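>>> Here is the input, now give the coordinates:
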Amino acid sequence: MTNTYDTGRLNLPFVGISTFGKRPYAEDWTALNADVAILGAPFDAGTQWRSGARFGPRAVREASTLFSFGHAGAYDHENDTTYLPETVRIVDMGDADIIHTDTKGSHANIEAGVRAALAAGALPVTIGGDHSVNIPCIRAFDGQGDIHILQIDAHLDFVDERHGVRYGHGNPMRRAAECDYVTGLTQVGIRNVSSTAKEGYDDARAMGSDILSVRQARALGPKTVIDRIPEGARLYITIDIDAFCPSIAPGTGTPSHGGFLYYDVLEMLQAAAKRHDIVGIDLVEVAPDYDPTGSTAILAAQVLMNLLGFIFHARASH
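Prediction:
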């Protein structure tokens, strides 16, 4: 398939409705027919400092129109590969309904969306929202077989309970580790002063976590980091945008300097897609109002588009 503008509309990025990548909107979750189902989870009541990630799904969708390549895919000259050809069917499910002040009700609606994607045989890709939305995403995998979680993040998010809070954005990896179908976690990018106390790190390691800072990950190299994940593991990937340095991703609620740059993360994701079956993705904590340039949302959209390209290229190659 060759790229062409000779037929149909030009449909430039700033034209039309901002679904993810300008892909079809699938309002009926009982009749999904897709390889990838994008779900917005605009919930940010789990934040402990700056809110605003509720506007993340909308901002990432708008940014993703820059990467709406039509149906002929996107050519990468470095890899001599055309990614996301028309054979990869991507739909946008819209957003899970959020009930203000109601964490459990909102999380239940997010979980229902992810379950609908899985029931349709689609790869669920959830755009947050704060990192607490990972909790219902992982819950939805109950009965789907064992999974390993690759977390790319500045923060460990392994708090058990604090002042009665168990489902905030500091808790998701602890809640995930408690699931019997989560066989382990690889937590990469963790750095600086964390909201998780030393006891949380001890608990994480005791519950099967491999924890690497940005500097440790860079010293190992992207491929070696991914090689630490058990061979054959089915992989769920959760990406907190604050894993990136705020010099390139300032639009987030809890920025942490010293983070990854673009290719640090991209090469890890490419290695993961080559080596593992990726069964689910979420990308969280984009809070666009802290970044008037829009570059954080563009980064998020670009990372997701590239990751999906890597996944389906690897699947086609096997």
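
>>> going forward, measure contacts between C-alpha atoms and count neighbours the same way
Noted.

>>> Is it correct that residue 51 falls within a strand?
No - according to DSSP: H, G, I helix; E, B strand; the rest coil, residue 51 belongs to no strand; its state is coil.

>>> Now do the same contact list for it.
Applying C-alpha atoms under 8 Å, 6 or more residues apart in numbering to residue 51 gives the contacts 44, 45, 253, 287.

>>> As a markdown table, the residues you listed with pLDDT would be great.
Putting these into a markdown table (pLDDT from 0 to 100) gives the following:
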| residue | pLDDT |
| --- | --- |
| 44 | 98 |
| 45 | 98 |
| 253 | 97 |
| 287 | 98 |
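
>>> Which members of the residues you listed are the farthest-apart pair?
45 and 287 (12.7 Å; C-alpha to C-alpha).

>>> The two: who's more crowded?
In this view residue 45 and residue 287 are compared by other C-alpha atoms under 10 Å, and residue 287 has more residues nearby, 30 against 21.

>>> which intervals of the stretch 101-250 of the chain have sub-threshold pLDDT?
For the stretch 101-250 of the chain, no stretch is flagged by pLDDT under 70.

>>> Please repeat the previous calculation with a cut-off of 90.
Counting by pLDDT under 90, the stretch 101-250 of the chain contains low-confidence ranges at 192-197.

>>> Would you state the helices of it in chain order?
103-119, 134-139, 172-177, 198-206, 214-220, 222-227 (DSSP state H, counting those that start in this stretch).

>>> Let's have these in CSV, adding distance to residue 146 and mean neighbour count.
Compiled in CSV, the helices of the stretch 101-250 of the chain are given as follows (distance: least, C-alpha to C-alpha, whole Å; neighbours: other C-alpha atoms under 10 Å):
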stretch, distance to residue 146, mean neighbour count
helix 103-119, 14, 21
helix 134-139, 11, 25
helix 172-177, 12, 23
helix 198-206, 18, 15
helix 214-220, 25, 16
helix 222-227, 18, 18
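
>>> buried set for the lengthiest helix in the chain?
When the chain is parsed with DSSP state H, its longest helix is helix 295-317. Of all the residues in helix 295-317, those buried under the rule 16 or more other C-alpha atoms under 10 Å are 295-314.

>>> Packing partners of it?
helix 56-64, strand 81-83, helix 262-275, strand 277-284 (3 or more C-alpha pairs under 8 Å, 6 or more residues apart in numbering; DSSP states H and E).

>>> Between these, which has the poorest mean confidence score?
Comparing mean pLDDT across the helices and strands packed on helix 295-317, the lowest value falls on strand 81-83: a mean of 94.

>>> outside of it, which residues touch it?
Residues contacting strand 81-83 (C-alpha under 8 Å, 6+ apart): 73, 74, 75, 76, 309, 310, 312, 313.

>>> how about the fifth one, what does it touch?
For residue 309, the residues meeting the contact criterion (C-alpha under 8 Å, 6+ apart) are 83, 84.

>>> separation between the nearest residue to residue 295 once chain neighbours are set aside and residue 153?
Excluding its sequence neighbours, the residue lying closest to residue 295 (C-alpha to C-alpha, 6 or more residues apart in numbering) is residue 249, at 6.8 Å. According to C-alpha to C-alpha, to the nearest Å, residue 249 and residue 153 sit 13 Å apart.

>>> Tell me which of the two has more neighbours.
A count of neighbours by other C-alpha under 10 Å puts residue 249 above the other of residue 249 and residue 153, at 29 against 26.

>>> Now do the phi/psi pair for the more buried one.
phi -140, psi 70 (degrees, to the nearest 10).

>>> Pretty sure residue 93 sits against residue 33.
No - look at residue 93 against residue 33 with C-alpha atoms under 8 Å: they stay out of range, at 11.0 Å.

>>> higher neighbour count, those two?
The neighbour comparison of residue 93 against residue 33 (other C-alpha under 10 Å) goes to residue 93, with 27 against 16.
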